[in-house]
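In: Got a predicted structure here, sequence first:
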Amino acid sequence: MPMTSEQTNAFKAGSGSLDVNILHLLCIGALLAFLFLWAAWALSDVWTGWSNTKVRDAALGRFAVRTVLLLLVCIWMFAS
């Protein structure tokens with residue numbers, strides 16, 4: 001449900017004339033940046049464990065599938 005003009009004016013007055021769409025894009029960008037940074041960190045950590053034979057092949061595959069699904073679902077739900 002879109003905001004009414006009164007709600008938009010109240011938001012702009014309370015936020016120092018910040019547009020709602022700009023805040024929306026900033027929040028989504030921060031979420032996606034955090035998720036991709038987390039995925040890169042976790043992949044490097046799992047890769048190190050796999051190369052030292054402390055993580056099995058199946059666990060590496062499960063991690064990759066779960067990470068890709070997490071990123072796709074978050075992009076689909078929040079960035080579309």
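Out: Nice, thanks for sending it over. Numbers count the residues shown, from 1 in each chain.

In: Average pLDDT for stretch 36-49, rounded please.
Out: Across stretch 36-49, pLDDT averages out at 95.

In: centre of the chain versus that stretch, how much separation?
Out: 15 Å (Cα atoms, centre = their mean, to the nearest Å).

In: With stretch 28-43 instead?
Out: 6 Å.

In: Kindly report the same for stretch 8-15.
Out: 26 Å.

In: can you list contacts of it?
Out: With contact meaning Cβ atoms under 8 Å, 6 or more residues apart in numbering, stretch 8-15 is reached by 3, 18, 19, 20, 23. Placement of C-beta: from N, CA and C, glycine included.

In: Name the helix or strand for the second one, please.
Out: Put plainly, it is residue 18. If you go by DSSP states H and E, residue 18 is not part of any helix or strand.

In: So which of the contacts of stretch 8-15 is surrounded by the most neighbours?
Out: residue 20 (14 neighbours; other Cβ atoms under 10 Å).

In: Enumerate the positions of the helix or strand hosting residue 77 that are buried.
Out: Applying DSSP H and E as the criterion places residue 77 in helix 57-78. Residues of helix 57-78 classed as buried by neighbour count (16 or more other Cβ atoms under 10 Å): 63, 67, 74.

In: Could you measure from the closest residue to the second one other than its chain neighbours over to residue 47?
Out: Nearest in space to residue 67, with sequence neighbours left out and distances taken as Cβ to Cβ, 6 or more residues apart in numbering, is residue 39 at 5.1 Å. Computed with Cβ to Cβ, to the nearest Å, the distance linking residue 39 and residue 47 is 12 Å.
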